[in-house]
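Undergrad: please work out how this folds:
(2 chains)
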Protein chains: 2
Amino acid sequence: MKHALPVTREADFSAWYQSVIAEADMAEESGVRGCMVIRPWGYGIWERFQRLLDDRIKATGHENCYFPVFIPLSYFEQEASHVEGFAKEMAVVTHHRLIADGKGGLVPDPAAKLEEPLVVRPTSETVIGHAFARWVQSWRDLPVLINQWANVVRWEMRTRMFLRTAEFLWQEGHTAHATAEEARDETLKMLEVYRDFAENCVAVPVIAGEKPENERFPGAVGTWSIEAMMQDGKALQAGTSHFLGTNFAKAQNIRFQNAEGQLEYAQTTSWGVSTRMIGALIMVHGDDDGLRVPPRVAPWQVVIVPMLRDAPEDEALIAYCRELQQTLAAQSAFGEPVRALLDLKPVKSTTKRWGWVKKGAPIVIEVGGRDMASGNISVIRRDRLYRADGKLDSAIVARDGFAGEVAGLLADIQQTLFDQAKARLDANITPASDWSQVEAHFAEGAKNPGWLEVQWSRPTGAALDTVVERLKTLKLTLRNAPEGQAAADGACIFTGDAAVERVLVGRAY
Amino acid sequence: MKHALPVTREADFSAWYQSVIAEADMAEESGVRGCMVIRPWGYGIWERFQRLLDDRIKATGHENCYFPVFIPLSYFEQEASHVEGFAKEMAVVTHHRLIADGKGGLVPDPAAKLEEPLVVRPTSETVIGHAFARWVQSWRDLPVLINQWANVVRWEMRTRMFLRTAEFLWQEGHTAHATAEEARDETLKMLEVYRDFAENCVAVPVIAGEKPENERFPGAVGTWSIEAMMQDGKALQAGTSHFLGTNFAKAQNIRFQNAEGQLEYAQTTSWGVSTRMIGALIMVHGDDDGLRVPPRVAPWQVVIVPMLRDAPEDEALIAYCRELQQTLAAQSAFGEPVRALLDLKPVKSTTKRWGWVKKGAPIVIEVGGRDMASGNISVIRRDRLYRADGKLDSAIVARDGFAGEVAGLLADIQQTLFDQAKARLDANITPASDWSQVEAHFAEGAKNPGWLEVQWSRPTGAALDTVVERLKTLKLTLRNAPEGQAAADGACIFTGDAAVERVLVGRAY
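TA: Numbers count the residues shown, from 1 in each chain, chains lettered A, B, ... in the order given. This is a model prediction of the structure:
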């Protein structure tokens, strides 16, 4: 069977991924090392993420702010393990002016060298901590619950669009609390917001759990993540939530007078989701015909393509389609108006059809003269593109009844995409109880091995390093220890000691 | 009469401006030179701007994208007048890593010097032009209509919060068209979008018109602006729209094959509104008690303050207020749900009242035990804070009837703020027909002189430089030549030649 993309998942998953991004016009190389241009279809998905996630962040009591893109170098010198984790990969501003080089070009002006270099934020704990120190004096000022939507920069050597880029977009929440218990609750509350967003908006099933010590955010006491499984069986960390304890509060002097009049350090948290989630969407839902966007996050949920012929009849056909577009836009799906586009670009209609299939618009409607004559439209569901006989599944239905069905159809597509991904996730997490099973499972050439769930004694320090090194020989990493898991009842697969919990291991992006 | 701010507009307008920002918790110095922290109340206003302006930008057919924050130095070398205009004030990234300096500090790693320095975008014409060159091949690819919401950096020597900061937030629209006529139409269409947004959303009346040659954007063929008048009579350029002709297209090789098969350069435009508009809002609507936010852009339109006493009766009072909050939130004003907050922070209620007055929430409702007993609430309108006798104007009304009135009340406040500002603008634009009038009008010590409207022959080049220098002696600048003005009928105030149009002159931010 022929497909719309030049390469299949089976043939070369990595090439397929790049091909989806290119063919769906989501993003492209920018000419600036490691930075991408996010094109309207990719950015439109990000805007949907922003709207849905922002609503949830606000509903849990957080307010948005904005902090500077530049952070003075000295701020990074204050939290030792934080700088350790980030120092190696930051963009540094050293000059504030350019001058002519006398040869028709420009150079940084030596007379405009900054006394203290500025770092382009890789994350904002340090600069936000300084603000918290100003804002927090008394227990009455707590909690502080803020979030920002921003661009951040981490100088990555090997970049891959959406998954790892020098600049990326994200939201970063930062909070300060009076007690460790409250801060831990916040950390887990936002983890749950992320799980809900990933599963119910992006239709990406995830495992929420705590990362092991070696995978913690630099400076954190505990890091939790949501982990999604891609179609090649690899894990993608799609959101993280950190309990920072008093580590940053001590480095930045965030102190408050408690109700008894004593000075205490605040307990802080931070949590983020980025444009990386778009990478997860692609690798969870895409197929050999391109992207499939879950309706809740699709910039356009329904696209109407009139089969124009550059003839006088076109006018009536456009009017027929416009009526449909307007009727659909007046419907509500998932509590919002249906996003329906009438595509009138001067492009051949089959090119348009395949363009929207590759972009993954949930519903594509084609309308030709014959459809119009009989009051019909032809409806393609992106989640079920082909019939059993391999032909394109285009259903002829009455135009006037369709508006009443569209919300249900979109809900069904959303659910179908989630169910497919959930079945795959569930089928590909396998328990393993000794190391030889791990080796056999991840043997050379194993296609889509998924993840193993193993029991372990949660070693720390050097003992943990040994585990990490052993896993590395199979290109494996510890993902997380799922929340709400059954009690451990076996031996640690690494040390043979009594296990204290179950942890997932797998290959990862 | 005593007011909530420590300084009045009359006493010191500039100190008053800083005081509004501080007392309303809108923004603060960040510790990073020239960069501010935008706090939730300031950022909440920006989010309202974003939502309302973004809707208008999309309704006129534009799509959002995202381009890199870094621009290679060489891109700036391509458009000569553009680099001339921006080269002096840009943040330059020269290194991509920090290393320990051996003394417990960090320094840029000399081994990680970039081959080509990167400029933090001061505006994105150059990098977006490169993308347009890739995207545009044929007339069928035109027009390209895009916009981005982003942070930009211009290294300013003297900064002032919201008005002039090293980093600021904005939207920048960029379009490419097949003909000059279409690009000019686009430029003026977006100017009108800005006028509509400023007047109907921010309640800031503006004069839309073309900037004179010397005030054009670097590289533009024509620049239009909306100019707002602050309460000290100064002008603030609150949005600009540029017709770039083929200047950037030639520098960046944006060419297309026209319907006849010939290669042509595209005609481009760009247009932007920034966080500067928040400065306009403050200086147009603020009074000696703080900010007054027009309801359409207020993060909270109604704030309910229960007069709590740390007593058991508090519970019933909170329930009484919560019912009101929920009823109000179910109402619609300006086509959106009413944004009503129940303020339960552990702070004294008079402190809260004055806090919300200083923040400029359009309606503040106080509810005490006595109000509750009689089914009432006390309503303060921020646009009419005091009665004729100088006492706070707090109206006691029945709680249950209020929900039916709230939309009308908010609309009335919005209109009142606009009308006050419009009357001030109209009263302070004065025609002048010779230079001595200009000198007299702007004589030393003239309080709130507003703007003068003069007729001129629109000199260019050196003749224009002479005019600009002459105005400079009075600290004046040419603002714009209003759209839709009456035909010129006199002599040029500068050259004595026959005038061709009317132009506004004034002092400016």
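Undergrad: just how off-centre is whichever strand or helix holds residue A:71 within its chain?
TA: Residue A:71 is located in strand A:70-72, with elements delineated by DSSP states H and E. Remark: strand A:70-72 is offset 26 Å from the chain centroid, using Cα atoms, centre = their mean, to the nearest Å.
Undergrad: ok, stretch A:398-412 next?
TA: Distance, centroid of stretch A:398-412 to centroid of chain: 29 Å (Cα atoms, centre = their mean).
Undergrad: and for the closest residue to chain B within the stretch 351-500 of chain A, the neighbour number?
TA: For the stretch 351-500 of chain A, the residue positioned closest to chain B under Cβ to the nearest Cβ is residue A:351, at a distance of 11.0 Å. Backbone N, C-alpha and C define where each C-beta goes, glycine included. Residues contacting residue A:351 under the criterion other Cβ atoms under 10 Å in any protein chain shown number 11.
Undergrad: make sure I have this right: it is in a helix.
TA: Yes: inclusion of residue A:351 in a helix is indicated when DSSP: H, G, I helix; E, B strand; the rest coil is applied.
Undergrad: show the pLDDT at it.
TA: Per-residue pLDDT puts residue A:351 at 96.
Undergrad: show me where chain A dips below the pLDDT cut-off.
TA: Within chain A, the set of residues satisfying pLDDT under 70 comprises A:79-87.
Undergrad: which elements pack onto the top helix by length along it?
TA: Once chain A is assigned using DSSP state H, the helix that runs over the most residues is helix A:399-427. Judged by 3 or more Cβ pairs under 8 Å, 6 or more residues apart in numbering or on different chains; DSSP states H and E, helix A:399-427 is in contact with strand A:222-229, helix A:276-285, helix A:314-329, strand A:332-333, strand A:363-367, strand A:376-381.
Undergrad: and the third one, how far from the chain's centre?
TA: Shown here is helix A:314-329, whose average C-alpha point lies 35 Å from the average C-alpha point of the whole chain (Cα atoms, centre = their mean).
Undergrad: and that helix, what other elements does it pack with?
TA: By 3+ Cβ pairs under 8 Å, 6+ apart, helix A:314-329 packs against strand A:302-306, strand A:340-342, strand A:363-367, helix A:369-373, helix A:399-427.
Undergrad: in CSV, could you pull the C-alpha coordinates for that helix?
TA: C-alpha atoms of helix A:314-329 as CSV (Å, rounded to 0.1, in the frame of the first residue of the first chain):
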residue,chain,number,x,y,z
ASP,A,314,-17.3,27.3,-8.6
GLU,A,315,-19.2,30.2,-7.1
ALA,A,316,-22.2,28.0,-6.1
LEU,A,317,-19.9,25.3,-4.8
ILE,A,318,-18.0,27.8,-2.6
ALA,A,319,-21.3,29.2,-1.3
TYR,A,320,-22.5,25.6,-0.5
CYS,A,321,-19.2,25.0,1.4
ARG,A,322,-19.2,28.3,3.2
GLU,A,323,-22.7,27.6,4.6
LEU,A,324,-21.3,24.3,5.9
GLN,A,325,-18.3,26.1,7.4
GLN,A,326,-20.5,28.6,9.2
THR,A,327,-22.8,26.0,10.5
LEU,A,328,-19.9,24.0,11.8
ALA,A,329,-18.3,27.0,13.4
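Undergrad: tell me how many other residues surround residue A:260.
TA: Residue A:260: 7 neighbours (other Cβ under 10 Å).
Undergrad: and it, how far from residue A:138?
TA: Look at residue A:260 and residue A:138: by Cβ to Cβ, to the nearest Å, they are 12 Å apart.
Undergrad: quick one on the thing from earlier: now the element after the longest helix of chain A, going C-ward?
TA: Downstream of helix A:399-427, the next assigned helix or strand under DSSP H and E is strand A:429-431.
Undergrad: can you report phi and psi for the nearest residue in space to residue A:492 that is not next to it in sequence?
TA: Among residues not flanking residue A:492 along the chain, residue A:457 sits closest, at 3.7 Å (Cβ to Cβ, 6 or more residues apart in numbering or on different chains). Note on residue A:457: backbone dihedrals following degrees, to the nearest 10 are phi -100, psi 10.
Undergrad: what about the residue of the stretch 351-500 of chain A closest to chain B, distance to residue A:363?
TA: From residue A:351 across to residue A:363, the span is 18 Å (Cβ to Cβ).
Undergrad: with residue A:427 instead?
TA: From residue A:427 to residue A:363 the distance is 28 Å (Cβ to Cβ).
Undergrad: more neighbours: those two, which one.
TA: Using other Cβ under 10 Å, the more surrounded residue of residue A:427 and residue A:363 is residue A:363, with 25 against 11.
Undergrad: what's the closest non-adjacent residue to that one?
TA: residue A:302 is the one closest to residue A:363 (Cβ to Cβ, 6+ apart), at 4.5 Å.
Undergrad: mind listing what the one you found touches?
TA: Contact analysis of residue A:302 by Cβ atoms under 8 Å, 6 or more residues apart in numbering or on different chains lists A:328, A:338-341, A:361-365, A:406, A:410.
Undergrad: hmm, which of the residues you listed are the buried ones?
TA: For the contacts of residue A:302, a burial check counting by 16 or more other Cβ atoms under 10 Å in any protein chain shown picks out A:328, A:338-341, A:361-365, A:406, A:410.
Undergrad: any chance of TSV for those, columns distance to residue A:291?
TA: Shown next, in TSV, are the buried ones among the contacts of residue A:302 (distance: Cβ to Cβ, whole Å):
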residue	distance to residue A:291
A:328	21
A:338	20
A:339	16
A:340	19
A:341	16
A:361	9
A:362	11
A:363	14
A:364	13
A:365	18
A:406	21
A:410	16
